[in-house]
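Q: Compute the structure for the input listed below.
(one chain, ligands or ions: 2)
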Amino acid sequence: MAETKAHDASRNNVVVKVGMVGDAQVGKTTLMVKYVENKFDEEYIMTLGVNFMEKTITLRNTEITFSIWDLGGQREFLSMLPLVCNDAVAIFFMFDLSRKSTLNSVKEWYRQVRGLNRSAYAFLVGTKYDLYTSMPAEEQRDIDKQARKFAKAMHAPLIFTSASHSINVQKMFKVVLSRVFDLRCNLDEISGAGEPLLLFSKEEGEAAASKAKKASSSSSSSSPTEGAADARKGAAK
Ligand SMILES: Nc1nc2c(ncn2[C@@H]2O[C@H](COP(=O)(O)OP(=O)(O)O)[C@@H](O)[C@H]2O)c(=O)[nH]1
Ligand SMILES: [Mg+2]
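A: Ligands and ions are numbered 1, 2, ... in the order given. From the prediction side, this is the model:
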């Protein structure tokens, strides 16, 4: 026991705040619970205001605590958006792959969030991939096409997930780490139409923007990735 403690004391701790936004019922709370507790609960719990959960993982010698904030989808909770977005280093823009209207809403969510937080890494996350696979091929193609277009415009990785079938949930958070700490991602991309997309490679413009962001954040003491150098060193293979 004592040994473990001593070891822990020598570790670095980094907190990575992740905000989740998107229309009501897209599956934000479910995905958060699935990632943190590895369970899928069918029962629908309506989020009143804001949910918050933490999960700590170890990356070599660094403890990384994901602090995950999830906003209730109803309009009346929009006043709590700053709680979710301020200081977040990553924001998940979530939509339900089986309801296209929720993808269209991402535009407005993006506008709202960017008004509060201009620097967080954006992720476009489709939920309920299990339902998507049984939709007509034409509808699938339509959503696939629009999601890729949005992700490109947002300079965001695009990830299709299923909390009920454990698809891409763990991987999604690995992609977050690779973005936030600028690590090489050792996951394989999944890019075929109809597949559970996992697209995270940086485009030219995006790589340049990330470089500029890094340069500006390294000159500021409030960098959310402080202490991350060890994680970066540790994970770079
Ligand atoms: N089939 C399926 N249903 C899901 C999945 N994720 C969430 N749901 C269901 O979608 C509904 C809304 O989920 P919830 O997490 O409350 O959405 P939120 O309002 O965005 O937080 C619930 O009935 C969930 O059981 C999924 O991956 N597959
Ligand atoms: Mg909820």
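
Q: which residues touch the helix ranked longest in the chain?
A: Longest helix in the chain by number of residues (criterion: DSSP state H): helix 137-153. Here helix 137-153 makes contact (Cβ atoms under 8 Å, 6 or more residues apart in numbering) with 95, 97, 100, 103, 106-107, 124, 126, 132-133, 156-158, 160, 193-194, 197, 199, 203. (Glycine included, C-beta is placed from N, CA and C.)

Q: change it to 10 Å
A: Helix 137-153 has contacts (Cβ atoms under 10 Å, 6 or more residues apart in numbering) with 93, 95-100, 103-104, 106-107, 110, 122-126, 132-136, 156-160, 191-195, 197, 199-200, 203, 205-206.

Q: Narrow these to those in strands?
A: Phe93, Phe95, Asp96, Ala122, Phe123, Leu124, Val125, Gly126, Leu158, Ile159, Phe160, Leu199 (DSSP state E).

Q: Give me the average confidence score over the longest helix of the chain.
A: Averaging pLDDT along helix 137-153 yields 97.

Q: What is the burial count for the nearest residue to Asp23 once chain neighbours are set aside?
A: Excluding the flanking residues, the one nearest Asp23 by Cβ to Cβ, 6 or more residues apart in numbering is Thr102, at 4.5 Å. Neighbours of Thr102 under the rule other Cβ atoms under 10 Å: 23.

Q: could I get the ones in strands among the contacts of helix 137-153 as a markdown table with neighbour count, distance to ligand 1 and pLDDT?
A: Below are the ones in strands among the contacts of helix 137-153 laid out as a markdown table (neighbours: other Cβ atoms under 10 Å; distance: Cβ to the nearest ligand atom, whole Å; pLDDT from 0 to 100):
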| residue | neighbour count | distance to ligand 1 | pLDDT |
| --- | --- | --- | --- |
| Phe93 | 25 | 12 | 98 |
| Phe95 | 27 | 10 | 98 |
| Asp96 | 22 | 8 | 98 |
| Ala122 | 22 | 17 | 97 |
| Phe123 | 23 | 15 | 98 |
| Leu124 | 26 | 15 | 98 |
| Val125 | 29 | 11 | 98 |
| Gly126 | 29 | 10 | 98 |
| Leu158 | 21 | 16 | 98 |
| Ile159 | 28 | 13 | 98 |
| Phe160 | 26 | 10 | 98 |
| Leu199 | 18 | 19 | 94 |
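
Q: Nearest to Val176, out of these: which one, please.
A: Phe123 (7.0 Å; Cβ to Cβ).

Q: gap between the residue nearest to that closest one when sequence neighbours are not counted and ligand 2?
A: Nearest non-adjacent residue to Phe123, counting by Cβ to Cβ, 6+ apart: Phe92, 4.9 Å away. Applying Cβ to the ion, to the nearest Å, the value for Phe92 to ligand 2 is 13 Å.

Q: Right, I'll leave it there.
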